[in-house]
Each structure stands twice: as C-alpha cells, then as structure tokens.
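Novice: A structural model of the following input is requested.
(chains A, B, C, D, E and F)
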Protein chains: 4
Amino acid sequence: MQSRTPAGRSGRPRSAAADTAILTATRAALVELGWSKLTLGDVAARAGVAKTTLHRRWAGKNELVLDAVAEPFDALRLPDRGTLAAGVEDVVLQPAAILDRPEARSGLMAAVAEATRDAALRERVRTSIVDRRKRLVVEGRARARARGERPVEFGPEEAARTADLIFDMVAGAVVHRSLVSAEPADAEWARSLTRVLLLGLAGAAAAGEREDRVPHANGGAGEA
Amino acid sequence: MQSRTPAGRSGRPRSAAADTAILTATRAALVELGWSKLTLGDVAARAGVAKTTLHRRWAGKNELVLDAVAEPFDALRLPDRGTLAAGVEDVVLQPAAILDRPEARSGLMAAVAEATRDAALRERVRTSIVDRRKRLVVEGRARARARGERPVEFGPEEAARTADLIFDMVAGAVVHRSLVSAEPADAEWARSLTRVLLLGLAGAAAAGEREDRVPHANGGAGEA
Amino acid sequence: MQSRTPAGRSGRPRSAAADTAILTATRAALVELGWSKLTLGDVAARAGVAKTTLHRRWAGKNELVLDAVAEPFDALRLPDRGTLAAGVEDVVLQPAAILDRPEARSGLMAAVAEATRDAALRERVRTSIVDRRKRLVVEGRARARARGERPVEFGPEEAARTADLIFDMVAGAVVHRSLVSAEPADAEWARSLTRVLLLGLAGAAAAGEREDRVPHANGGAGEA
Amino acid sequence: MQSRTPAGRSGRPRSAAADTAILTATRAALVELGWSKLTLGDVAARAGVAKTTLHRRWAGKNELVLDAVAEPFDALRLPDRGTLAAGVEDVVLQPAAILDRPEARSGLMAAVAEATRDAALRERVRTSIVDRRKRLVVEGRARARARGERPVEFGPEEAARTADLIFDMVAGAVVHRSLVSAEPADAEWARSLTRVLLLGLAGAAAAGEREDRVPHANGGAGEA
DNA sequence: CCGTAAACGAGACGGTACGTCCTGTCTTTGC
DNA sequence: GCAAAGACAGGACGTACCGTCTCGTTTACGG
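Specialist: Below you'll find the predicted structure:
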C-alpha cells in the first residue's frame, strides 16, 4: 500500500506488526476524536510506536487516515442474489454499512474535503475507494447479463457516461442520506432508491430508442 | 446569523462591517489555502480585524467557515422556466455552480465531515444549506401544480419520504459528481440526471398504483 | 494625589467614593493575586467601576498600585518613647509592620523594581514613601536634642551623608530581613539592629574626633 | 542549575548551547526592556531558539530571569586584602557592582517582589544569591581568624543570629542605597558603612561582656 | 558469526497556530 | 458631560502538534 522497501534490502526490515497496529490505532483515534482532533503523536502513542516510524511510512495525516478507512473497502464482495435489483440494493447497502462506522464517517468525508485541494490524495481516493465500488457495479451488470437479464444498455460511449451517472447517484445518495440528512440508509430506503433508479434508467432507454438518442430531457418526463 | 446581540443594548455595538469583512476574508482564505490550512489568525489579518473579534462572534473555525460558504445559498432563487423538468435541472445546476467555487469545494465537505461529530454543527448545516435547497424543490413542485402539470404525488406521509429520497439523490449526486468523480456537473449531465429521476418517479408512481402502494422493489424493475 | 479636576467645572463631577473603592479594591487584589497577576480590569470590576474611570485617573498599573500601597505610610507617626534608642526602634518597627501586610510585600517591591526603569515612578516612590520615613528620623533626632540627648552630630554636610547612610542601613535591613531572609522583623531584632547602629555611630563619631574627620575605616575597627 | 535531565538518558540530549544563548539573551532583554516588558517570546527570538525550548527548561519568566541575573553571583570571589575591614568592604562592593548592571537592577528586585508570593521562587533566590553572598562573609571571618584578627565573637547560637543581622544590614543597605536612594554605592560609602558596622559590633560585644550577654538594647546605646 | 545498515524508541528542536487574557482606546446608552 | 457597558486592535501568554533531528539500541542480512 505504502510500504515497498525502496530498493536496497540490507538493514533491519520494517515491522509488519507496526503497520497493523498503526492503522488500528488510527481507526480507534478517529472514532474517539474525529479527523480534526486526531494527531499523529496520539496515534503513535496508541500504536506503541515512535512518531518517526509513522512519518517514515506515510507522508502525512491525510494519507494515513485514508489508508486506515479504505481498508474495509478492500473486503467488499457482491453476493449473487439473483436479480439485478437485489444486486443494486447490495451496492447501496454495503457502502452504507461502512459509512455507519464512526471512523469512516469523519475520516472519509475529511479525506474527500482534503482531496479537493490535493491531486495525489484525490487519485488515492479514486484507486482505493471509488474504483473498488465501481467494480461492484460492473460485476453486477455482468452477472445480470449472464443470467439473461437485459440491463439498460446504450452505445459503448454512452454506456460509460451512464455508468458514471448511476454511480454518482447511488454513491452520492448514500453519502448524503447518511451524513447530511443523518437518516439511516437501511434496506427499505435502499429498495426505494433502487426502484426509482432502475425505472428511470429503463424509461430513459425506452425514450432514447423512440427519439433516436440525445433526447430532450422534457421528452420522457413531461407527463410525469 | 450568529450575531444577535445577546440581550443588553448598552455598550459599543458590534461593527456590521466587520462581519462582512470577516466572511469575505474567510472565503478568500479558503480559496487560497483550503480548510485545513486556513487559520483564524490569518483570516483576522486579512479582514483587518483582531483575532478576539472573530472569537467573540463565532465559536470556532467550523462555524465560521460554514457561515462563509453558506452565504451564497441564501441568494438561491428558482426562475420559472416553464416545465417541471427545467425546474429540476435548475435545482441541480444552481448548487452545482456553487460547488464549482473553490471555497465551497473544500469548505463544505470539511464542514460536513466535522458535522459527523458535532450535532450543533450538523443542525447548522441543515438550516443554512439543506433547508434552503429543499425550499427550492417545494417551490418548484408548487409551481408545477399551479401550471397544471401533475408532479408525482403520493399520500402525504409517503410524499415526505419521497421528497427526502429525491433530495438525497439530487444533492448527493451533485456533490459526488463534483467532488469525488471530479467531473463537471454541467447542463448535459443535469439533463441526464433529471430525465432518469423524473422517469423513475413516474414509473414508481405508476407501479405503486398498480400494486396498491408499498411495492416490492423488484416489481417494476425486474425486467429493466 | 492624582485627581485634581482639571479646570473646567461643567458636567458631572468625579465621584470621590470611586477613588476610595478603587484603592481598596487594588489592595484586595494585591493580597489575592500579587502584583504580576493583578489586572486593571479586575480591579475595576472589584471596585464596581468602569475600566475607563481607572484610566482617567491613573496613568497605569504602576502608579495605581503605588498609590494604593503608599497610603498607609501617610499615617506614620512617631510616638515619643523617651529615648533615642526607643525612637530608632520605632523607626524600624513601623515600616516593618507595613511590610508585614501582604499587599505591601509584593506591591512595594514591584514598584521599586519598576522604578529602576522609570524616573517618574522613582520620584513618586521617593515623595510618597521614602520622604515620609525620613521625616520620622529627622523628628526623632530633633526630639532627642530637645530632651538633652546628644545624638551623634557631624558637620552639616557630613550630617546629611550620615543621615542617608543610617536610613539606607535601617530601611534596607528591614526590607531584606522581611522579604529576602523571610524572618520576622520583630522587637528583639529591632533592638539588636538599633544597638549595633547606635554604638557604631557613636564609635565613628569618637574616632572621627580623634582623627580629625575623614578617618580610615580601619582606624577604629581594626581591633574589633 | 535547572537542567539535570530527569532520569532517563534516551532521546536527543538537550543542547548546552541553548542554555547559554537563552540566559545571555535574557540579560540583554532585561537591559533593554526591564522585567515587566520582557517577553519570553522575545527572549526566545533573541536566542534563536523556539519558545517551547524555553518552557521546557524553565517554569516561567520568574525562574528564567532569576537564573539569568543570579549567574554573576556564582563568580563572586573574595580576594584576601589583609584586614577584616577591607574584607567587609569587598563584601559590600562586589554585590554593589553587580547591582550597577542594569539587568540586575530590575531583574533582581522583580524576582524578590515575585518571591513574596511564591515559596519555590523564594527558595531559589536563597540558594542562588543569598547563600552565595553569605559564603563570602563566612570566608572573610575565617581568614580574619587565621590572620590572628579576633572578629567579634559570640556564643554559637548568638553568633548565627548576629551573622544574619550583619547580612541583612549589609545586603539591605546596598540594595536600598543603589535602588531606592538611587545613589552610587561607591568605595567611600562602603568605607563609612563598614566603619559603623564594625564599630557597632565591637561595641555590642564589649557591652555584652559587661552585661553577661542578653543586654538590653538601651544599655550601651543610651548615651550615644 | 560478525559487521553493516536500516529501522526503531525516545525525546529535544524550530516552528506555527491555538484560544485566552489583558491593555488602552473607542463608541454607544443612560443618568 | 461623566459614567457604565462593552466592542475593538493589538499583542503576549502558555499549550499543543508538526515534521525534523539526533541520540542510543535492536534486528536482520550478507560477506
């Protein structure tokens, strides 16, 4: 993640235990203090490690916190629940579960906030979180196709744009529900979200066919 | 906003000019430095004001920054563009425009991140940003009804839940698009979002009537 | 002392009660906090007076504190106890009593310390404290002469130098005993001091006569 | 003086150069600004040192200033000038010379003033200044005895009390002359002081023998 | 199996910002 | 027109972290 031993191999190797201890300590500190009150010195103390060790491995607080909160996203797996809708619900609910953890609540959003000013951090957010979640969407669609369900499909370039739209809607809605509206992103809510989303996509596809692509937004929605 | 003189009226009154200068300075500092490097001392210096004056009026950095970035949301007005869809697009695009400003990008997300650990701040976010945006949605629906358009309508308690869902989807999608995906939330994107959303709602309403409310998510979406 | 109403007579006259309240509050604050922790704002609050009033009447903390601790020296009177020695003891003991008061302990020495860098303050110390104590010495000598005791007497210009020497020895010894050695300057100690002082002066006078003034210090003391 | 590393020896050792630089800077600041305007931040800046370093080594302004002005007292040595009187004059003149330095003038008295409210500081004054000066007196007496001069001698417990009296008189007189009377404590003045003091002690000793110790103060002094 | 080299703990260091406090000035309202 | 009330600019306070550094110590590996 951050520790590929530079090149030389001589000398004492880095303690693997330290990494674990530090990330765990970071999550604990996030829970207790939140991002803004978390200090590297405190993390070091909790991990039973010297501050220097921390600095040797991470460039700063942002990188450390991001690694700490991104770890759970590694483990995301999408069980095959049989229908596309169920798959979408899982894509909604799993990140929602992660966002329920207090360390992720403050850690993730702070990382996003910092990332607005730091391209390297933004890239790191993308690779360690966004891509992993997008992978779930792609997996889900592939499975649906394999099952014979016909997910909404456009031309290849339109498809990418649509996938991004879906992702922004789903991921954004989860974050907004959980952090801004401060309401639980539970199963029922996920069901509603999924329904509106899939119906909308289906409708848009149908309208698109009728209108030969690039429809005016009013076209299909005017009568709604 | 934060300064109604507590009760007594004796003594020198607070300078109104200072408030303006401070909020302006705060936005400038946000643009240059971002939330994490922004310093109250620096803001005070830019505003030509003593640090004490700052502390007298705001409880801390979070509150100050929030007020500074929330101010533009005050001015949000929804022009009547004739159709519901156009109104929804405005609801998407106006906040998107605000989120394009660099001070809002880092300031808002940081405030949200901090709000995860501070109920008072969360409330402040709600009243000074969320409610103002929600007002636009309500206005838009009222106008549509007045125009004779029949917006998607459910029972009163279902309606509230649906409004929240819409809002989470719209607001969340805008934020996610702008800050996480780091793509422009432009007119075309807004059109796509609006189309999917309105079609989805229309479909859900139709399906709901068929299924006598409380539909299973799979109902209308299974064949999509 | 500090408050002669400038010249004009119009407007609300200055409250005489305020002066008393302020000086009393100053002494109370000195007792509780000492010179360095005493603040003008606190004194004003204790006196039930606005800070402005304080600044209108005194130039600063030093002047205020000095006035507050100098007041008791005004009241110094030397009772006629019959002998020169008894008189000297009184000259020792009365200031010692004042230096026992906690407000004087920190206030006076701090004023002296500040006076080392402030000629105006030094002058103020001289007129309000030193001169009042020196007056006691002069009084005592006059009484002794009137009683027929022959105090040690030199030529007029020598006399002034001797008086200053006596005063420095007595006043300095009291201060040093009380504040540096932190031992009580009680009656017994005053008796010892007086004895050494008067015997020394007598011896010096005798030796001086033998040696026609300006004796070498070793003259009378070599065999001691 | 203040810096024996607590116990452990691990970690980066304290810079010895910093101590020197800080104390020197403190004296310079005292000369320019005096005690009350002296600022720890300013001292740190002059010494080219961080404020934290200052706070790590001294508890506060008082302790720092005291150490800075006490340092010269370390170097006090009593040259053997042949007679007791000459020795006493040195005991008077050497501290007088130190008190002529502007940093000592304001620093020492302020420390004494503060010490009236702070037992720890008082103790520090005692060990770093008073004891060092007292040592000179003891040395001087020992030499006088070695030379065959018979200094005034009392019983052992009386002796201690007398030594303290002498010290309060000498030290107090020097301070008072120099700081309150604001006159130079020069050689001539020292000679006069010494003469009165030694004659007084000799007289008191003689009277004491006549009266079988514990004399009434009036005994030898009444006719003076 | 021994030397070398890196990692490690400890903690001092120069900085920067914090939020509080105090000063002396000013600008109000009320007597 | 003075007084009380309190906001204001300015500046120092002592504390807390940061990221770096300098130690002495520990631990692997490669000759």
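
Novice: In chain A, which residue sits nearest chain C?
Specialist: A:K37 (31.2 Å; CB to the nearest CB). Yep, even glycine has a C-beta here, placed from its N, CA and C like the rest.

Novice: From the contact counts, what lies against the helix or strand encompassing A:L165?
Specialist: In the assignment (DSSP states H and E), A:L165 maps to helix A:156-175. On a contact count with 3 or more CB pairs under 8 Å, 6 or more residues apart in numbering or on different chains; DSSP states H and E, helix A:156-175 meets helix A:84-100, helix A:131-147, helix A:187-211, helix B:156-175, helix B:187-211.

Novice: repeat that for 6 Å
Specialist: helix A:84-100, helix B:156-175 (3 or more CB pairs under 6 Å, 6 or more residues apart in numbering or on different chains; DSSP states H and E).

Novice: Buried deepest among these, which one?
Specialist: helix A:84-100 (a mean of 21; mean count of other CB atoms under 10 Å in any protein chain shown).

Novice: for it, packing partners?
Specialist: For helix A:84-100, the packing partners by 3+ CB pairs under 6 Å, 6+ apart come out as helix A:131-147, helix A:156-175, helix A:187-211.

Novice: got these as TSV, with distance to C:V174 columns?
Specialist: Below are those laid out as TSV (distance: least, CB to CB, whole Å):
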stretch	distance to C:V174
helix A:131-147	83
helix A:156-175	77
helix A:187-211	84
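
Novice: now the ones you listed as TSV including mean pLDDT?
Specialist: Below are those laid out as TSV (pLDDT from 0 to 100):
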stretch	mean pLDDT
helix A:131-147	83
helix A:156-175	86
helix A:187-211	86
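
Novice: To B:L76, which of these lies closest?
Specialist: helix A:156-175 (19.2 Å; CB to CB).

Novice: Only the C-alpha atoms, please, for that closest one, written as PDB.
Specialist: Taking Å, rounded to 0.1, in the frame of the first residue of the first chain, the C-alpha atoms of helix A:156-175 are listed here in PDB:
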ATOM      1  CA  PRO A 156     -20.400   2.000 -25.700                       C
ATOM      2  CA  GLU A 157     -19.500   5.600 -25.100                       C
ATOM      3  CA  GLU A 158     -22.900   6.400 -23.900                       C
ATOM      4  CA  ALA A 159     -22.600   3.400 -21.600                       C
ATOM      5  CA  ALA A 160     -19.600   4.800 -19.800                       C
ATOM      6  CA  ARG A 161     -21.400   8.000 -19.200                       C
ATOM      7  CA  THR A 162     -24.400   6.200 -17.900                       C
ATOM      8  CA  ALA A 163     -22.400   4.100 -15.600                       C
ATOM      9  CA  ASP A 164     -20.800   7.200 -14.100                       C
ATOM     10  CA  LEU A 165     -24.200   8.800 -13.700                       C
ATOM     11  CA  ILE A 166     -25.500   5.700 -11.900                       C
ATOM     12  CA  PHE A 167     -22.500   5.600  -9.700                       C
ATOM     13  CA  ASP A 168     -22.700   9.300  -8.800                       C
ATOM     14  CA  MET A 169     -26.400   8.900  -8.000                       C
ATOM     15  CA  VAL A 170     -26.100   5.800  -5.900                       C
ATOM     16  CA  ALA A 171     -22.900   6.700  -4.000                       C
ATOM     17  CA  GLY A 172     -23.900  10.400  -3.600                       C
ATOM     18  CA  ALA A 173     -27.300   9.500  -2.300                       C
ATOM     19  CA  VAL A 174     -25.900   7.100   0.200                       C
ATOM     20  CA  VAL A 175     -23.400   9.600   1.500                       C
END
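
Novice: Name the next helix or strand following the host helix or strand of A:I22 along the chain.
Specialist: According to DSSP H and E, A:I22 maps onto helix A:16-37. Using DSSP H and E, the helix or strand that follows helix A:16-37 in sequence is helix A:40-47.

Novice: Which strands or helices does the helix or strand following that next one pack on?
Specialist: Using DSSP H and E, the helix or strand that follows helix A:40-47 in sequence is helix A:51-57. Here helix A:51-57 touches helix A:40-47, going by 3+ CB pairs under 6 Å, 6+ apart.

Novice: Could you find the closest non-adjacent residue to A:S192?
Specialist: Leaving aside its sequence neighbours, A:S192 sits nearest to B:L165 (CB to CB, 6 or more residues apart in numbering or on different chains; 5.5 Å).

Novice: residues touching A:L136, list them.
Specialist: For A:L136, the contact set (CB atoms under 6 Å, 6 or more residues apart in numbering or on different chains) comprises A:78, A:91.

Novice: Check whether the helix holding A:I22 comes into contact with DNA strand E.
Specialist: Yes: Helix A:16-37 lies within reach of DNA strand E by CB under 7 Å from any atom of the strand, at A:A18.

Novice: Which other helices and strands does that helix contact?
Specialist: helix A:40-47, helix A:61-74, helix A:102-115.

Novice: who wins for proximity to chain D among the ones you listed?
Specialist: Nearest to chain D, of the helices and strands packed on helix A:16-37 and by CB to the nearest CB, is helix A:40-47 at 13.8 Å.

Novice: what's the offset of that closest one from the middle of its chain?
Specialist: The chain centroid and the centroid of helix A:40-47 are separated by 27 Å, computed with CA atoms, centre = their mean, to the nearest Å.

Novice: again with stretch A:33-41
Specialist: Distance, centroid of stretch A:33-41 to centroid of chain: 22 Å (CA atoms, centre = their mean).

Novice: quick one, what contacts A:G107?
Specialist: A:30, A:35, A:65, A:69 are the contacts of A:G107 under CB under 6 Å, 6+ apart.

Novice: at 7 Å what do you get?
Specialist: A:30, A:35, A:65, A:68-69 (CB atoms under 7 Å, 6 or more residues apart in numbering or on different chains).

Novice: From A:R46, how far off is the residue of chain A closest to chain C?
Specialist: 13 Å (CB to CB, to the nearest Å).

Novice: And for the residue nearest to A:D164 when sequence neighbours are not counted, the neighbour number?
Specialist: Nearest in space to A:D164, with sequence neighbours left out and distances taken as CB to CB, 6+ apart, is B:S181 at 6.4 Å. Residues lying near B:S181 (other CB atoms under 10 Å in any protein chain shown) number 20.

Novice: ok, now the one 10 residues further on?
Specialist: B:R191 is surrounded by 22 other residues when neighbours are defined as other CB under 10 Å.

Novice: Quick check: end-to-end length of stretch A:174-185?
Specialist: 7 Å (CA to CA, to the nearest Å).

Novice: Give me the contact list for that stretch.
Specialist: Contacts for stretch A:174-185 (CB under 7 Å, 6+ apart): A:92, A:95-96, A:99, A:105, A:109, A:189, B:112, B:116, B:122, B:125, B:130, B:164, B:168, B:171-172, B:175-176.

Novice: buried sites along it?
Specialist: Within stretch A:174-185, the residues that count as buried by 16 or more other CB atoms under 10 Å in any protein chain shown are A:174-182, A:185.

Novice: The residues you listed in helices, which ones?
Specialist: A:174-175 (DSSP state H).

Novice: Just flag the most distant two among the buried residues of stretch A:174-185.
Specialist: So, the buried residues of stretch A:174-185 by CB to CB: farthest apart are A:V174 and A:A182, at 12.9 Å.

Novice: what's the neighbour count on the residue in chain A positioned nearest to DNA strand E?
Specialist: Per CB to the nearest atom of the strand, A:G11 is where chain A lies closest to DNA strand E, at 1.9 Å. Neighbour count for A:G11, taken as other CB under 10 Å: 7.
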